[in-house]
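**Student:** Sequence and predicted structure are below.
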Amino acid sequence: MQAKLSTMFQSLQVRNYRLFASGQLIKLIGVWMMFIAQDWLVLELSDNSATALGVVTALQFTPVLLLTLLSGRLADRYDKRVLLFAANAFWTVLALGMSLLVLTDLVQLWHVFAFAALLGTANAVETPVRQAFVSELVGTSLLPNALSLNAAVFNSARIVGPAVAGLAIAAFDVGPVFLFTALSSIAPLVNVVRMRTAELHRDALLPRDERASARVVDGLRYVWRRPDLLLPMAVMSVIGMSLFNFQLTLAALAKTVFHTGAASFGLFSTALAVGALGGALSGTGRRSRPSVWLVLGAAIACASFGTLVGFASTYWLVVTLLVPTGFFMVFFAQAANQRVQLGVDAAFRGRVMALWVLVFLGTNPVGAPLIGWVAEHFGAGASIWMGGLISLAAALIALTWQLRRSGARVRFRVLPMPRFYVTSTDC
């Protein structure tokens, strides 16, 4: 067990990565608390409008759609550590401003819309830079482990944040939650400054003069010529747009279908995050590039369980199904992420990861308003199972394409039932 745990958390032995991960954990707990508080605030200000939730989600991710590819170019040209500091500093200022509006009872719905758009701008710069920076923290040999631990950190925050937020909103209202988010975002700023630049793994990068010519279109052409990168990105774009909107759909499900309070809404998010943490930790022992079959199998499982969540008719059945849904959701996302990162040249990593973030998060502005409209007119459950069926169809089409391209075949083998024999001895 000790050896297993040592392998699972091997990247934490690297000081720079340890600083990075701890800062992210503190910040992300606050971020997930803020997401819960923001959704609850929007429902209060809009008279329980799922469409308003969809608009907020769209505004939050629209900058990702518009700016992420440019951020990837920045990541390939400039110091990722400096870019991370600037993006996180902008986030901190935004969170402080929003918390003051909420605490003073001056907040209006348009304030939340504006905050979501500005927050998305900070994310559009920070996320692809952070994704590409991990390889410089640990090097290629530990990259699969570090990526899995990143997902574990993210989903640990998803467990703690919503649960604490639900209780905090019930006890203190949403204002103190926004303030905690602002204070927690200082942690990554401090830890980025404390990193030792001499210990970063930058040997594989091109000289700075050559990096200055990095263009967005070159990154797009690079991915287009690589079917092994293009396929997981295509599947992720569909699933991310149609199914990965649980921030919106679970809030609507809790409030409008089961008529529960903030604490129960937090339990939905926590159940999803518990499974997601298991999915993240299950990939920490991986040392090589995941196969395309693993990625597609996880996509099919994720879509199947997501569909079942939408059809579930009782509160506790939803909570139960959210655990395996979260597991396969993150297992699929991590396997696809690792397949992309471990197959890309270092010179293109920033632009390729920017494209990954675009298909992972940037599809939300397209999907969120549609999902919100479906939830408002046909029910929150319908918005989930429809997204699940669309995702399942996309995964099966991708599987069929890969089978035809590779010449492989899927075979189902029914194993014989085991036979049990009882013997007796006459005495």
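**Tutor:** Done, it's in.

**Student:** any weak-confidence spans in the protein?
**Tutor:** 1-7, 203-216, 261-266, 285, 361-365, 408, 410-427 (pLDDT under 70).

**Student:** could you pull out the helices for the stretch 101-250 of the chain?
**Tutor:** Secondary structure of the stretch 101-250 of the chain (DSSP state H, counting those that start in this stretch): helices at 109-138, 143-172, 175-184, 186-194, 208-211, 216-224, 227-242, 246-252.

**Student:** any idea of the angle the fourth one forms with helix 109-138?
**Tutor:** Relative orientation of helix 186-194 and helix 109-138, computed by axes from the mean of the first three to the mean of the last three Cα atoms, to 10 degrees: 30 degrees.

**Student:** do the second one as well
**Tutor:** Direction vectors for helix 143-172 and helix 109-138, defined by the same axes, to 10 degrees, enclose an angle of 150 degrees.

**Student:** quick one: buried residues of helix 143-172?
**Tutor:** Residues 143-166, 168-169 are the ones in helix 143-172 that count as buried (16 or more other Cβ atoms under 10 Å). (C-beta placed from N, C-alpha, C; glycine too.)

**Student:** same deal with the first one?
**Tutor:** Taking 16+ other Cβ under 10 Å as the neighbour-count basis, helix 109-138 is seen to contain the buried residues 109, 111-113, 115-138.

**Student:** Okay, strands next: where are they in the stretch 201-350 of the chain?
**Tutor:** Taking DSSP state E, counting those that start in this stretch, the stretch 201-350 of the chain contains no strands at all.

**Student:** do you know how far residue 124 is from residue 251?
**Tutor:** From residue 124 across to residue 251, the span is 23 Å (Cβ to Cβ, to the nearest Å).

**Student:** How about residue 406?
**Tutor:** Going from residue 406 to residue 251 by Cβ to Cβ gives 41 Å.

**Student:** For residue 342, which residues are in contact?
**Tutor:** 140, 143-144, 288-289 (Cβ atoms under 8 Å, 6 or more residues apart in numbering).

**Student:** same thing with residue 397?
**Tutor:** Applying Cβ under 8 Å, 6+ apart to residue 397 gives no contacts.

**Student:** quick one: what helix or strand has it in it?
**Tutor:** In this assignment (DSSP states H and E), residue 397 forms part of helix 380-406.

**Student:** same check, this time on residue 23
**Tutor:** Counting by DSSP H and E, residue 23 is found in helix 15-45.

**Student:** residues of that helix that come out buried?
**Tutor:** Judged by neighbour count using 16+ other Cβ under 10 Å, the buried positions of helix 15-45 are 16-21, 23-43.

**Student:** For it, name the packing helices and strands.
**Tutor:** With contacts defined as 3 or more Cβ pairs under 8 Å, 6 or more residues apart in numbering; DSSP states H and E, helix 15-45 has these neighbours: helix 50-77, helix 80-103, helix 109-138, helix 143-172, helix 175-184, helix 186-194, helix 246-252, helix 262-281.

**Student:** So which of those helices is nearest residue 352?
**Tutor:** The closest of the helices and strands packed on helix 15-45 to residue 352 is helix 50-77. By Cβ to Cβ, the value is 7.3 Å.

**Student:** Run the angle between that closest one and helix 227-242 for me.
**Tutor:** Helix 50-77 runs at 150 degrees relative to helix 227-242, counting by the same axes, to 10 degrees.

**Student:** from the middle of its chain, how far away would helix 50-77 be?
**Tutor:** Centre-to-centre, helix 50-77 and its host chain are 14 Å apart (Cα atoms, centre = their mean, to the nearest Å).

**Student:** How about stretch 159-173?
**Tutor:** On Cα atoms, centre = their mean, the centre of stretch 159-173 falls 21 Å from the chain's centre.

**Student:** go on, stretch 232-242?
**Tutor:** Averaging C-alpha positions (Cα atoms, centre = their mean) puts stretch 232-242 12 Å from its chain's average.

**Student:** which residues are in contact with that stretch?
**Tutor:** For stretch 232-242, the external contacting residues (Cβ under 8 Å, 6+ apart) are 223, 292, 295-296, 299, 302-303, 332-333, 336, 339-340, 355-356, 359-361, 363-364, 366-367, 371, 386-388, 390-391, 394-395, 398.

**Student:** From those residues, which land in helices?
**Tutor:** 223, 292, 295-296, 299, 302-303, 332-333, 336, 339-340, 355-356, 359-361, 364, 366-367, 371, 386-388, 390-391, 394-395, 398 (DSSP state H).

**Student:** Any of these buried? List them.
**Tutor:** Buried among these (16+ other Cβ under 10 Å): 223, 292, 295-296, 299, 302-303, 332-333, 336, 339-340, 355-356, 359-361, 364, 366-367, 371, 386-388, 390-391, 394-395, 398.

**Student:** Distance check, the residue nearest to residue 384 when sequence neighbours are not counted against residue 401.
**Tutor:** Nearest residue to residue 384, sequence neighbours excluded (Cβ to Cβ, 6 or more residues apart in numbering): residue 310, at 3.3 Å. Noted for residue 310: a distance of 26 Å to residue 401, by Cβ to Cβ.

**Student:** And the two? Which one has more around it.
**Tutor:** residue 310 (22 against 14; other Cβ atoms under 10 Å).

**Student:** ok, that one - contacts?
**Tutor:** 381-388.

**Student:** Let's have those in TSV, adding distance to residue 50.
**Tutor:** TSV is the format used below for those (distance: Cβ to Cβ, whole Å):
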residue	distance to residue 50
381	12
382	11
383	8
384	12
385	16
386	14
387	14
388	18
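
**Student:** and of these, the nearest to residue 192?
**Tutor:** Nearest member of these to residue 192, counting by Cβ to Cβ, is residue 387, at 36.1 Å.

**Student:** Would you agree the closest one is in contact with residue 371?
**Tutor:** Yes: using Cβ atoms under 8 Å, residue 387 is in contact with residue 371, at 6.6 Å.
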